[in-house]
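1. Okay, sequence plus prediction incoming.
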Amino acid sequence: MPQSLLARACAGELGAFEQIYRRFERPVYTLALRILGEPEAARDALHDAMLKVFQRINTFRGESPFWGWLRQIALNEALMRLRQHDRAETSDELDAFVDEAPGPSVHADATTLERALARLPAQTRSVLWLYHVEGYSHPEIAALVGKTVSFSKSQVARGTQRLREIIEPTAGPVSCLIAIAN
Amino acid sequence: MSDRNRELNLVDALRALPLQAPERSAWPELAAKLRDTKIGEVQKHERVRRFVVPAALAAALAGVFILTYRVTPAPPATATIAPPAASSSMNSVNVDSARLAVLQQRSQDLERWLRATGEAAMPLQGQDLVAATEIENLIGLVDVELAAPQEMRDAGLWQRRVALLEDLSVLRYSNYQLAAGGGHVLAAGLTN
């Protein structure tokens, strides 16, 4: 993140905000989408997170990477929405998961993995994503989602297992995913 | 293929997933909001910080007071960090590191308490949820700053983190008390 761009944003220049938005739109949206699982909710989270970022940009001291700072705001925004959603729909249990879709091994590509992720319960998918992709530790995830470390561990284990079952119902290779996803 | 290797492959595949973009860019709305209501939004944000958070904290404190006064004597809902007594012979480096250790321990205690009571507390709603989210956001931002190289951190950040956790604990405490019918003994996190 160029210092000059940051300085312009701190001065309130709309053009600088737009450049920052364009630069981070996809990472923030992707993170929100992984947490929330719904495109429209993820877009709302993107909007609100970016608004907070622009409102608080003067508090960024530049001692840590800008993306880390922005990601924290985006993550909190998405998790807050997830908590609100969880209260509205309490049947989001992994054990209640019913797999009615055809076996995805025929099209084991990035799209299949996306769809498999989308079929996990939101809480499980969030924890799985935070652990495997964002690199958070179990204690950090526990603090973020307001649950125990054991909860985080069990969600990762069960979610990973469930994801594997969806993708390769007959224990086929996952390696094909990598080749196509790359 | 072993389970471990399969898991690694799955993780690699997850990490290799392409970034997604929203069907409609959020920028036009964001730009309009920034352009037209920038001052209003900033003022709203300030209102949340200046009024909603304190109001929620005050309400929580009042709830704590009523519950504890009526039902059971409870420890104080907040605690102040007493800096370690420094003898004249102690140099400033030792004082700083001792103070830092106290703050870090306090931070851990509060986090443990928040985790422990998270399950038992009633879900936060309305103003409390807004305030808690705001505080959690601020804690997250402090954590980002604390992730900076060692030489750039200072005890002030830890002091701020502890203060925010204490605010969050007050909010949680009232819900915890309500969920527990007011008779719970408060965990050690708030008794220091």
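-> Right, received. Where do you want to start? Residues are numbered from 1 along each chain as shown, chains lettered A, B, ... in the order given.

2. Longest helix of chain B, counting residues only.
-> When chain B is parsed with DSSP state H, its longest helix is helix B:92-118.

3. can you give me the helices for chain B?
-> Under DSSP H, chain B gives helices at B:3-15, B:27-47, B:53-70, B:92-118, B:126-146, B:155-179.

4. in stretch A:64-73, what's buried?
-> A:Ser64, A:Phe66, A:Trp69, A:Leu70, A:Arg71, A:Gln72, A:Ile73 (16 or more other CB atoms under 10 Å in any protein chain shown). C-beta: built from backbone N, CA, C; applies to glycine.

5. ugh, wrong one, I meant stretch B:24-33
-> B:Ser25, B:Ala26, B:Trp27, B:Leu30, B:Ala31, B:Lys33.

6. thinking again about what came up before, which of the helices of chain B has the lowest average pLDDT?
-> With a mean of 66, helix B:53-70 has the lowest mean pLDDT of the helices of chain B.

7. Just the buried positions in the longest helix of chain B, please.
-> B:95, B:99-100, B:102-103, B:106-107, B:109-111, B:113-115, B:117-118.

8. other SSEs contacting that helix?
-> helix A:138-145, helix B:155-179 (3 or more CB pairs under 8 Å, 6 or more residues apart in numbering or on different chains; DSSP states H and E).

9. How about the longest one and chain A, any contact?
-> No - figure legend: helix B:155-179 not in contact with chain A (CB under 8 Å from any CB of the partner chain); closest approach 9.2 Å.

10. in chain A, which ranges drop under the pLDDT threshold?
-> A:86-108, A:169-182 (pLDDT under 70).

11. what about the helices in it?
-> Under DSSP H, chain A gives helices at A:3-10, A:14-36, A:39-56, A:66-88, A:110-118, A:122-132, A:138-145, A:149-167, A:175-181.

12. right, so the ones you listed: which one is the most enclosed?
-> helix A:122-132 (a mean of 23; mean count of other CB atoms under 10 Å in any protein chain shown).

13. Now that one - C-alpha only, PDB.
-> The C-alpha trace of helix A:122-132 is given here as PDB (Å, rounded to 0.1, in the frame of the first residue of the first chain):
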ATOM      1  CA  ALA A 122     -22.100 -21.100   8.300                       C
ATOM      2  CA  GLN A 123     -20.400 -21.500  11.600                       C
ATOM      3  CA  THR A 124     -18.500 -24.600  10.500                       C
ATOM      4  CA  ARG A 125     -17.500 -23.000   7.200                       C
ATOM      5  CA  SER A 126     -16.300 -19.800   9.000                       C
ATOM      6  CA  VAL A 127     -14.100 -21.700  11.500                       C
ATOM      7  CA  LEU A 128     -12.800 -23.900   8.800                       C
ATOM      8  CA  TRP A 129     -11.900 -21.000   6.600                       C
ATOM      9  CA  LEU A 130     -10.400 -18.900   9.400                       C
ATOM     10  CA  TYR A 131      -8.200 -21.900  10.400                       C
ATOM     11  CA  HIS A 132      -7.100 -23.300   7.100                       C
END
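
14. So what touches it?
-> By CB atoms under 8 Å, 6 or more residues apart in numbering or on different chains, the residues outside helix A:122-132 that reach it are A:34-37, A:75, A:78-79, A:82, A:85-86, A:92, A:94, A:117-118, A:120, A:136-138, A:140-141, A:144-145, A:151-152, A:155-156, A:158-160, A:162-163, B:10-11, B:14-15.

15. now the angle between helix A:110-118 and that helix, please.
-> Relative orientation of helix A:122-132 and helix A:110-118, computed by axes from the mean of the first three to the mean of the last three CA atoms, to 10 degrees: 120 degrees.

16. just the angle between helix A:122-132 and helix A:39-56, please?
-> Using the same axes, to 10 degrees, helix A:122-132 lies at 60 degrees relative to helix A:39-56.

17. chain center to helix A:122-132, what's the gap?
-> Taking CA atoms, centre = their mean, to the nearest Å, one finds helix A:122-132 lying 7 Å from the centre of the chain it belongs to.

18. Kindly report the same for stretch A:128-136.
-> For stretch A:128-136, the distance to the chain centre is 8 Å (CA atoms, centre = their mean).

19. Quick check: end-to-end length of it?
-> The first and final residues of stretch A:128-136 sit 10 Å from each other (CA to CA, to the nearest Å).

20. Could you chop chain A up by domain?
-> Segmentation of chain A into domains, based on automatic domain parsing, reads A:1-90, A:102-182.

21. nearest to B:Ala58, of those domains?
-> domain A:1-90 (21.9 Å; CB to CB).

22. contacting residues around B:Ile139?
-> Contacts of B:Ile139 by CB under 8 Å, 6+ apart are B:Arg161, B:Leu164, B:Leu165, B:Leu168.

23. could you measure it against A:His132, distance?
-> 24 Å (CB to CB, to the nearest Å).

24. How about A:Ala9: what's its closest non-neighbour residue?
-> Excluding the flanking residues, the one nearest A:Ala9 by CB to CB, 6 or more residues apart in numbering or on different chains is A:Ala16, at 4.0 Å.

25. residues touching the one you found, list them.
-> A:Ala16 makes contacts with A:Leu5, A:Leu6, A:Arg8, A:Ala9, as judged by CB under 8 Å, 6+ apart.

26. I'd like the residues you listed written out as CSV, with distance to B:Gly156 added.
-> Output for the contacts of A:Ala16, formatted as CSV (distance: CB to CB, whole Å):
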residue, distance to B:Gly156
A:Leu5, 28
A:Leu6, 22
A:Arg8, 28
A:Ala9, 25
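
27. so what's A:Asn58 up against?
-> A:Cys10.

28. ugh, typo on my part, it should be A:Ala32
-> Contacts of A:Ala32 by CB under 8 Å, 6+ apart are A:Ala41, A:Ala42, A:Arg43, A:Ala45, A:Leu46, A:Ala49, A:Ala74, A:Glu77, A:Ala78.
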